[in-house]
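S.K.: Structure, please.
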Amino acid sequence: MNRTLKRPMFRMGGSTGTGITSGLDQPRKQYQQGSNPYAMGNFAPGTTAGLLTGIGLDLLSRPPSGNILQTASLAAKGPFKDYQAAQFRQGEKMGERDFLRGEREAGQEFKAGESALNRQTQLDIAGMRDNKSDALYNTMLEKYITDGLTPQAAERAATFETEMADTLRGEVGGTKYGGVLEIDVRDPEQEKFILKQKNRFNNKVFYDPYEDNYKYLVIQNGQVVFDEFKTIPEIKFPDIAASGPEKKQPPVDVFSPEIENISGA
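M.R.: Modelled structure (predicted):
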């Protein structure tokens, strides 16, 4: 017993690189990934080698039944059934893999197309704005055409609303800003309309889309007077702005001693 334990293979602290322990000093291959304990290589179910191996093993364990062909057919029956089932399952897996790959590729194509569409949409919107075709311009254009402005005047009014309205408001102030003048101030009938809405028109600066200029309107002594300017920087408030509120004549006192005899006597 003592001589047996003294043999080199039982010595402690010896080398692990020789003898029956050779290779133990090397790290395991694919240790992190692990290995597939069910991997059978070429003898896996569904392979030709696996089919032939199954038939051979069945022949060796099966007692003869009839002639050699009958015995062989009986031996091949079970393995061939397993072979078909394995082939079918393998086809299913391949179909699933192809389907998932197709879905992934379709998703990638969709994202790429979506990104291109978003970029194109942004470019289209930018182009629309550059061409005065954005939503605000179209909305204002439709409004002024509906209100009865001629197409040319409606286009000028919509352009003013989207490009120059804030500039005019900042130049004259909010209390004197009138917006777009949708009526013809030179028309006597329209003048009556302005007088009826004095608070809306008096002492205000308007953009006139008919004449493509700016008008400063003041109601003075029952009349509408205005001054015109071609551009916003030219707008000045002349003396008519300082004329004050309209002066109203007091009613006639028929009993006043200063009044002439209304009978003509």
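S.K.: can you give me the helices in the stretch 101-250 of the chain?
M.R.: 135-147, 151-163, 165-172, 188-196, 198-201 (DSSP state H, counting those that start in this stretch).
S.K.: now those helices in CSV, with distance to Val225, mean pLDDT and mean neighbour count?
M.R.: Quick note: C-beta positions are derived from backbone N, CA and C, even for glycine. Output for the helices of the stretch 101-250 of the chain, formatted as CSV (distance: least, Cβ to Cβ, whole Å; pLDDT from 0 to 100; neighbours: other Cβ atoms under 10 Å):
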stretch, distance to Val225, mean pLDDT, mean neighbour count
helix 135-147, 25, 88, 15
helix 151-163, 23, 92, 18
helix 165-172, 17, 92, 15
helix 188-196, 10, 86, 13
helix 198-201, 11, 90, 14
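S.K.: Need these in TSV (columns: distance to Glu228).
M.R.: As requested, the helices of the stretch 101-250 of the chain are exported to TSV (distance: least, Cβ to Cβ, whole Å):
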stretch	distance to Glu228
helix 135-147	21
helix 151-163	15
helix 165-172	14
helix 188-196	16
helix 198-201	15
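S.K.: Among these, which comes closest to Ile219?
M.R.: helix 198-201 (5.4 Å; Cβ to Cβ).
S.K.: neighbouring contacts of that closest one?
M.R.: 178, 194, 217, 219, 224 (Cβ atoms under 8 Å, 6 or more residues apart in numbering).
S.K.: hmm, 10 Å instead?
M.R.: The contact list for helix 198-201 (Cβ atoms under 10 Å, 6 or more residues apart in numbering) reads 178-179, 181, 183, 185, 193-195, 217-219, 224, 226, 245-246.
S.K.: quick check, nearest of those residues to Glu161?
M.R.: Gly179 (8.3 Å).
S.K.: So what's the residue count around that closest one?
M.R.: 16 (other Cβ atoms under 10 Å).
S.K.: can you pull the contacts of Ala165?
M.R.: Counted by Cβ under 10 Å, 6+ apart, Ala165 has contacts 140, 159, 177, 179-180, 207.
S.K.: try 8 Å this time
M.R.: 179, 207.
S.K.: And the one 3 residues further on, by the same measure?
M.R.: Applying Cβ under 8 Å, 6+ apart to Leu168 gives the contacts 160, 177, 205, 207, 214, 232.
S.K.: how close does it get to Lys215?
M.R.: 12 Å (Cβ to Cβ, to the nearest Å).
S.K.: Name the residues contacting each of the two.
M.R.: Val205.
S.K.: circling back to that earlier point, for Gln84, state which of the contacts of helix 198-201 is nearest.
M.R.: Of these, the one sitting nearest to Gln84 (Cβ to Cβ) turns out to be Gly179, at 84.7 Å.
S.K.: That closest one contacts Val205, correct?
M.R.: No. Judged on Cβ atoms under 8 Å, Gly179 makes no contact with Val205 at a distance of 9.3 Å.
S.K.: Just the element for Glu96, please.
M.R.: helix 68-130 (DSSP states H and E).
S.K.: Now for the residue lying closest to Leu136 once chain neighbours are set aside: which residues touch it?
M.R.: The shortest distance from Leu136 to any non-neighbouring residue, by Cβ to Cβ, 6 or more residues apart in numbering, is to Thr162 (5.4 Å). By Cβ under 8 Å, 6+ apart, the contact list for Thr162 reads 132, 134, 136-137, 140.
S.K.: for the residues you listed, which one is nearest Lys93?
M.R.: The closest of the contacts of Thr162, once distances to Lys93 are taken by Cβ to Cβ, is Asp134, at 54.6 Å.
S.K.: Now for that closest one, how many residues are close by?
M.R.: 15.
S.K.: I'm done for today, thanks for sticking with me.
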